[in-house]
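> return a 3D structure for these sequence lines:
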Amino acid sequence: MSNKDETSSRIDALRFPLILGVAFIHGASVLHTSQGSVDVMRTNIAWVDFIVNISQYIADVSTPLFFAISGYLFFWGGWSREKYAGKLKRRFHTLLIPYLFWSLAIFAVLAVAESIPQTKTYFADATWPAIHSLSFFGAINTLLGITGIYPLLHPFWFIRDLMALVVLAPAIHFLVHNKWGKLFLIAIFCIWYAVMWPLMAWPVPWPGAVAICFFCLGAYLSQQKEGFAYLDRIGPWASLLFLAGAILNYAFPSSLAHVNHALIITAGAASLWWMIGLIIRSAALKAFLAGLSGDVFFVFATHQPLMAVVRKIAYKLFSPTSGAAILTLYFLIPICLVALLVALSRCLLKIMPSFIGFITGNPYRTYKQRA
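You can find the predicted model right below:
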């Protein structure tokens, strides 16, 4: 199998595990309930905190790898003005239209939910702004996240940053695809590690440091003979570094924790790419994961607002206090929600395939077509 065919297989196999990781990130934030606040990241039960934090380090690799894959696919196949124009047109359908549709949809849902006493309690959260109190500019800013880190639909900061990177692609091509490209990559990753210090910040709200670094990494690898296969050579060592770094960062938090986290994410990305190559040696697992690839955008777009509601209901019903109960809910809620969303995606695709394709950017394409 050629490097490009192998890369295609791994990308298709990775998409679902990565979106499951994103769901776990959104399933571990502070939960505000009528009984108080529950933070599953800090339960004061040592073994639970350890498992949750290590799993979160693994999940944190998801978005950086999505950016690296996006950069690779965008620049895969070479660069020209004509190709760039064609890819801009395609990203209008695969990024901008879904972004606007889902953002407006959640805006409308929240506005209605706020107006109904029976549902308001489940949506009243610091996560969501008070829709009815927003000014016109405030509504636009809330939808797009112009002045902040997150737009209204929080996971869509990924698409917003990705759209910015697509616009900046000519500059990225100039900086990455030349004899100084490797030095440029090293420089921007070093800058990212530096700004992870608590007293420093990335100079622009978006695109963020992670977006730029990993999109540029994917862009660089797309023009290399080995491509992503280069990461296989360091995969085992990256895995050891990731595990050791995650354990040390959890056991001995310090002023360097933010920098350590950035290094852990970098090692984790290389590790996960290497490990998915081992996993898909099984033809059954390869087919299973590739088959789930087409449902990823629907899960991505819908999981976060539903996660907030499902978690509130679950914690209200079960009121977990023991470590085992907290950990059970921590794992079951994202897994069950994602499974239900995959089933819903399949049902809707049968009923209204054109519409579902339209609002999800039509991810049901071959690897070469997605590029």
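> other residues contacting the helix or strand that contains residue 55?
Element membership for residue 55 (DSSP states H and E) is helix 46-59. The contact list for helix 46-59, computed with C-beta atoms under 8 Å, 6 or more residues apart in numbering, reads 21-22, 24-25, 28, 40-43, 242, 246-247, 249-250, 261, 264-265, 268, 272, 323, 326-327, 330. Any C-beta I mention is one placed from the backbone N, CA and C, and that applies to glycine too.
> mind checking the SS state of the closest residue to residue 145 other than its chain neighbours?
Excluding the flanking residues, the one nearest residue 145 by C-beta to C-beta, 6 or more residues apart in numbering is residue 151, at 3.3 Å. What DSSP: H, G, I helix; E, B strand; the rest coil gives for residue 151 is coil.
> same thing with the one 10 residues further on?
Put simply, residue 161 is helix when judged by three-state DSSP.
> pretty sure it is touching residue 205, no?
No - counting by C-beta atoms under 8 Å, residue 161 does not reach residue 205; the two are 9.7 Å apart.
> ok, those two, which is more surrounded?
Legend: neighbour count by other C-beta atoms under 10 Å for residue 161 and residue 205, higher for residue 161 (23 against 16).
> contact partners for that one?
Here residue 161 is in contact with 67, 206, 207, 208, 211 (C-beta under 8 Å, 6+ apart).
> filter those residues down to just the ones in strands.
Within these, no residue falls in strands by DSSP state E.
> farthest pair in these?
Spanning the widest gap among the contacts of residue 161 are 67 and 206, at 12.5 Å by C-beta to C-beta.
> tell me what the strand or helix carrying residue 261 is packed against?
Secondary structure assigned from DSSP H and E places residue 261 in helix 257-279. With contacts defined as 3 or more C-beta pairs under 8 Å, 6 or more residues apart in numbering; DSSP states H and E, the packing partners of helix 257-279 are helix 3-26, helix 46-59, helix 62-75, helix 181-195, helix 235-251, helix 283-292.
> got those helices as CSV, with mean pLDDT columns?
Converted to CSV, the helices and strands packed on helix 257-279 look like this (pLDDT from 0 to 100):
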stretch, mean pLDDT
helix 3-26, 90
helix 46-59, 88
helix 62-75, 95
helix 181-195, 88
helix 235-251, 89
helix 283-292, 93
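> so which of these gets nearest residue 219?
Nearest to residue 219 among the helices and strands packed on helix 257-279 is helix 62-75; the distance by C-beta to C-beta comes to 4.2 Å.
> tell me the helix or strand right after that closest one.
helix 81-91.
> still on that earlier bit, buried residues, the helix holding residue 55. List them.
48, 49, 52, 53, 55, 56, 57, 58, 59 (16 or more other C-beta atoms under 10 Å).
> adding distance to residue 229, write those out as CSV.
Below are the buried residues of helix 46-59 laid out as CSV (distance: C-beta to C-beta, whole Å):
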residue, distance to residue 229
48, 38
49, 37
52, 33
53, 31
55, 28
56, 28
57, 25
58, 22
59, 25
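> quick check: the residue nearest to residue 145 vs residue 5, distance?
In this view, residue 151 and residue 5 are 36 Å apart by C-beta to C-beta, to the nearest Å.
> which of those two has more neighbours?
residue 151 (21 against 10).
> that one contacts residue 158, doesn't it?
No - taking C-beta under 8 Å as the definition, residue 151 is not a contact partner of residue 158, at 10.0 Å.
> residues shared between the contacts of those two?
Between them, residue 151 and residue 158 share no contacting residue, judged by C-beta under 8 Å, 6+ apart.
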